[in-house]
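Student: prediction below, plus the sequence it came from.
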Amino acid sequence: MASLSTKVKLYCEANSKVADFNPGGNVSLQDDSDGNGPYIKEWNVTGLAQPTDADLTTYDAAATTEETNNTVKNTRKTAYGDIGDQLDEIFKDIDAWKTRIQGIKDANPKS
Amino acid sequence: MSEIKVDSIGPRVDSGTLTIGASGDTITIPSGATFTQSGTMNASAITAGTMATARLGSGTASSSTFLRGDQTYAAAGEINQPIWFGRKGDAADQVLTRATKTKITSMTSDEIDTNGAYSSSRFTVPSGHAGKYFIHGSLVADFTGVGSNGEETYSYIYKNGVETLISGFTFDPGGKFHTIAQNVSGIIDLAVGDYVELYGKLTDDDGGQNAQVSGGKGTNFGGFKISS
């Protein structure tokens, strides 16, 4: 199941708002380690009501897809390697570089 | 034993010296009699015995008071208890839901608890110990298992369930790190029954996984009373 933060983020974006989880931000999530899991502790998104559990459930699939794709994106980035090394690779043999990058994309498809 | 009764004795000549007794003699003021003195008696003449502390100043002289320069007794310094401390065991890793302030638990190793007021994650002020407390917490934020792409780490001290102290940092998106120890500390006024806890928040850059607070010496919670 997708994390609460991703679902809240998507809920805000769907309503043309931005969720800010930083200190002083407009949303605060909390987990008291009492077995009840994370919940919305503070909600100060101007012009947008705090979502209900039902509201957030509708974003579960989309949030899971986003998290999966983000993980793929991060995996690809690591596999691409240092940008300086890639520039050197391109300079020496741009076709070989393109083949290698395509191989990484194929091995790590997005949802 | 002979006795003389006169109203005054003095030296034979004016401004002379009157000597009472000789070396080895004992001069006694009997029980019930009062020795008074209006002229000067040199303190340096007291060369033996112990001066009763009650004679040195006003107030109560005891093992928990000290004599101030104005000759009054005052309470001695604080004992600085209660004291509590606990850290996570080496294998007590705790996964935190991404971007969520989460209570840190299971800090029971190397425990110190002078007043029986600490229980693995929470210190509660016991009766008679309200005051100002120095409180600290530390957590090791470990993102190595989720792509080593940490973006944000915060630690908090909560008082009665409310965020009270905070310390941490946020990288710009794209910045990343894999492990860091994040400390938070400060002084909080606590009443009897108030409780404090350590919380943490970890956020990875790609938004896909939940990082962990590592077990071991780096994740701990403690404090002590400074003053009333």
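Tutor: Yep, it's here. Since the model is a prediction, treat every value here as computed from it, not as a measurement. Residues are numbered from 1 along each chain as shown, chains lettered A, B, ... in the order given.

Student: report the buried residues of the longest helix along chain A.
Tutor: When chain A is parsed with DSSP state H, its longest helix is helix A:83-107. For helix A:83-107, the neighbour count (16 or more other Cβ atoms under 10 Å in any protein chain shown) marks A:Glu89, A:Trp97, A:Ile101 as buried. Just so you know, the C-beta spots here come from the backbone N, C-alpha and C atoms, and that holds for glycine as well.

Student: which among the residues you listed gets closest to chain B?
Tutor: A:Ile101 (18.9 Å; Cβ to the nearest Cβ).

Student: what's near enough to touch the closest one?
Tutor: A:Tyr80 (Cβ atoms under 8 Å, 6 or more residues apart in numbering or on different chains).

Student: not counting its neighbours along the chain, what's nearest A:Asn22?
Tutor: B:Thr170 (5.6 Å; Cβ to Cβ, 6 or more residues apart in numbering or on different chains).

Student: B:Lys159 too?
Tutor: B:Val196 (5.4 Å).

Student: next one: the residue nearest to A:Asn22 from B:Val125, what distance?
Tutor: Between B:Thr170 and B:Val125 the computed distance is 33 Å (Cβ to Cβ, to the nearest Å).

Student: residue ranges in chain A under the pLDDT threshold?
Tutor: For chain A, applying pLDDT under 70 flags no range at all.

Student: so where's chain B shaky on pLDDT?
Tutor: Checking chain B against pLDDT under 70 turns up B:208.

Student: B:Tyr156 should be in a strand, yeah?
Tutor: Yes - with DSSP: H, G, I helix; E, B strand; the rest coil as the criterion, B:Tyr156 is assigned to a strand.

Student: how far does stretch B:34-45 sit from its chain's centre?
Tutor: Using Cα atoms, centre = their mean, to the nearest Å, the distance from the centre of stretch B:34-45 to the centre of the chain it belongs to is 44 Å.

Student: so if I had to pick from B:Thr170 and B:Val125, which one is more boxed in?
Tutor: B:Val125 (20 against 14; other Cβ atoms under 10 Å in any protein chain shown).

Student: near chain A, which residues of chain B are found?
Tutor: With Cβ under 8 Å from any Cβ of the partner chain as the criterion, chain B meets chain A at residues B:96-105, B:121, B:147, B:149, B:152, B:154, B:161, B:166, B:168, B:170, B:199, B:201, B:203, B:205-210.

Student: which of those residues are buried, as a PyMOL select command?
Tutor: The PyMOL selection below is limited to those of those classed as buried (16+ other Cβ under 10 Å):
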select buried, chain B and resi 96+97+98+99+100+101+102+103+104+105+121+147+149+152+154+166+168+199+201+203+205+206+207+208+209+210
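
Student: so which of the residues of chain B next to chain A are in strands?
Tutor: Those of the residues of chain B next to chain A mapping onto strands are B:Lys101, B:Thr102, B:Lys103, B:Glu152, B:Tyr154, B:Ile166, B:Gly168, B:Thr170, B:Tyr199, B:Lys201, B:Thr203, per DSSP state E.

Student: correct me if wrong: B:Pro82 contacts B:Gly128.
Tutor: No - using Cβ atoms under 8 Å as the test, B:Pro82 is too far from B:Gly128 to be in contact (10.0 Å).

Student: the more surrounded of these two?
Tutor: Under the criterion of other Cβ under 10 Å, the comparison of B:Pro82 against B:Gly128 puts B:Pro82 first, with 22 against 8.

Student: next, count neighbours for the nearest residue in space to that one that is not next to it in sequence.
Tutor: In this structure, B:Pro82 finds its nearest non-sequential neighbour in B:Asn115, 3.9 Å apart by Cβ to Cβ, 6+ apart. Neighbour count for B:Asn115, taken as other Cβ under 10 Å: 17.

Student: residues touching B:Asn115, list them.
Tutor: B:Gln81, B:Pro82, B:Trp84, B:Pro126, B:His129.

Student: let me know the closest of these to chain A.
Tutor: B:Trp84 (18.3 Å).

Student: counting contacts, what elements does the helix or strand where the closest one lies pack onto?
Tutor: Secondary structure from DSSP states H and E places B:Trp84 in strand B:83-88. Here strand B:83-88 touches strand B:107-113, strand B:118-119, strand B:220-227, going by 3 or more Cβ pairs under 8 Å, 6 or more residues apart in numbering or on different chains; DSSP states H and E.

Student: in a markdown table: those, plus distance to A:Lys77 and mean neighbour count.
Tutor: Output for those, formatted as a markdown table (distance: least, Cβ to Cβ, whole Å; neighbours: other Cβ atoms under 10 Å in any protein chain shown):
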| stretch | distance to A:Lys77 | mean neighbour count |
| --- | --- | --- |
| strand B:107-113 | 35 | 17 |
| strand B:118-119 | 43 | 20 |
| strand B:220-227 | 34 | 20 |
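
Student: so B:Lys201 sits against B:Lys103, correct?
Tutor: No - B:Lys201 is not in contact with B:Lys103 according to Cβ under 8 Å; the separation is 11.0 Å.

Student: just say helix, strand or coil for the residue nearest to B:Lys159.
Tutor: strand.

Student: just give me the residue closest to the centre of chain B.
Tutor: For chain B, the residue nearest the mean C-alpha position is B:Asn80 (2.2 Å; Cα atoms, centre = their mean).

Student: contacting residues around that residue?
Tutor: Counted by Cβ under 8 Å, 6+ apart, B:Asn80 has contacts B:Phe224, B:Lys225, B:Ile226.
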